[in-house]
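In: Just need the structure, nothing else, for what follows:
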Amino acid sequence: MPEEEPKSAFELAMEKLRKKDLKEGREETTLTPEQKELIAEARREHEAKAAEIEIMYRSRISKAAREAALSEDPKVAEALGKIEEAYRRDRARNEEERDARIARIRAGGTA
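Out: Next up, the predicted model:
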């Protein structure tokens, strides 16, 4: 009887997770080709939106930096901070929307 090859850490972790899911009553589901395509579409749209957010951020930062170079007003630094905060908030919102959309698709709904 040949010995089995040792399992990788990844294989062991996946095995543990499957056992845990079975104990908790979760079913292993496979996605339909339609669901896979919808998820891929959601991810593509997220990437496009993320690129748009990045472009807008860089444009705003560039404009604010030019103004800062021309002005010694301390409010310019505050404006830069607000731009940065808005950028992070927009990215987080975009990611949350993507994750929620993918979760709905996985649950059997539509995007």
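
In: Now do the same contact list for the residue nearest in space to the middle of the chain.
Out: By C-alpha atoms, centre = their mean, the chain has its centre lying nearest to residue 95, at 4.2 Å. With contact taken as C-beta atoms under 8 Å, 6 or more residues apart in numbering, residue 95 is in contact with residue 46. To be clear about C-beta, it is placed using only N, CA and C from the backbone, and glycine gets the same treatment.

In: That one: which element?
Out: helix 75-106 (DSSP states H and E).

In: Point to the helix or strand of the protein where mean pLDDT is at its lowest.
Out: Between all helices and strands in the chain, the lowest mean by mean pLDDT, DSSP states H and E belongs to helix 9-23, at a mean of 85.

In: Buried residues in the helix or strand just after that one, which are they?
Out: Moving toward the C-terminus from helix 9-23, the next helix or strand (DSSP H and E) is helix 33-70. Neighbour-count burial for helix 33-70, counted by 16 or more other C-beta atoms under 10 Å, picks out 35, 38, 39, 42, 46, 49, 53, 57, 60, 64.
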